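# with the sequence up front, the predicted model follows.
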Amino acid sequence: MTKPVTPQEMFELWQKMVNPSAFPLQSLMFPVLDPKEIEKKIAELETVEHWLKANLSMLQLSIRSLEYQRSLVKGGEKVRAAMETEEAQGVNPAMWAWNMMAQAGKDMAAASQEIMQQGKEAMEAAAREAPAAAREAPAERETPNAPRAKRRAKQPPKEDER
């Protein structure tokens, strides 16, 4: 048999229906004036606030991790598609390191050929544009000390030398 419902249980049921957040109705209708009770309620609400912030942080972390997983899956799909096209062309995926090194060697050879060609062109341009003084005979050219000797010749002699 069922046991009879007491008035206390009926009041608790009514209180849960009216106030599902479990705050006592008395405190909502008649504020407490005791400072210790107010401090206790503030502490309780701060605890709830911290708990909610922690849950929000966990939720944000979960969202970021799912976004990261989604990006990995999309990247994996691209790699798989590239592998399928290579397989269709008859490329051996186990040879990727060899192919990469061979391509690097070809790239370096092409770059060195280009540098050599540029150097050769620069030397030819310098030879074409060389000043006439470079083509003169060495006897006709002035030595690095020649301008200094000319300056000395133009200066009047010092009193000691007279």
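Cool, got the structure.
# CA only for contacts and neighbour counts going forward, please
Fine.
# and Val48, how far from Met123?
80 Å (CA to CA, to the nearest Å).
# shaky segments in the protein?
1, 17-32, 86-91, 93, 130-162 (pLDDT under 70).
# so where's the longest helix in it?
For the chain, the longest helix by residue count, based on DSSP state H, is helix 35-89.
# what helices or strands is that helix leaning on?
Using 3 or more CA pairs under 8 Å, 6 or more residues apart in numbering; DSSP states H and E as the contact criterion, no helix or strand is in contact with helix 35-89.
# now do the buried residues in the strand or helix carrying Glu12.
Using DSSP states H and E, Glu12 sits within helix 7-18. For helix 7-18, the neighbour count (16 or more other CA atoms under 10 Å) marks Gln15 as buried.
# in CSV, list the C-alpha atoms belonging to it.
Output in CSV follows, covering the C-alpha atoms of helix 7-18 (Å, rounded to 0.1, in the frame of the first residue of the first chain):
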residue,chain,number,x,y,z
PRO,A,7,1.3,18.3,4.7
GLN,A,8,5.1,18.9,5.0
GLU,A,9,5.7,16.9,1.9
MET,A,10,2.9,18.7,0.1
PHE,A,11,4.5,22.1,1.0
GLU,A,12,7.9,20.9,-0.2
LEU,A,13,6.4,19.7,-3.5
TRP,A,14,4.6,23.1,-3.9
GLN,A,15,7.9,24.9,-3.0
LYS,A,16,9.8,22.9,-5.7
MET,A,17,7.2,23.7,-8.3
VAL,A,18,7.1,27.4,-7.5
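# could you look up the SS state of His125?
If you look again at residue 125, you'll see it is Ala, not His. helix (DSSP: H, G, I helix; E, B strand; the rest coil).
# wait, I meant Pro4
coil.
# could you count how many residues lie near it?
Residues within reach of Pro4, counting by other CA atoms under 10 Å, total 7.
# now swap in Ile38 and tell me
Around Ile38 there are 13 residues (other CA under 10 Å).
# cool, the one 3 residues further on as well?
Counted by other CA under 10 Å, the residues lying close to Lys41 total 12.
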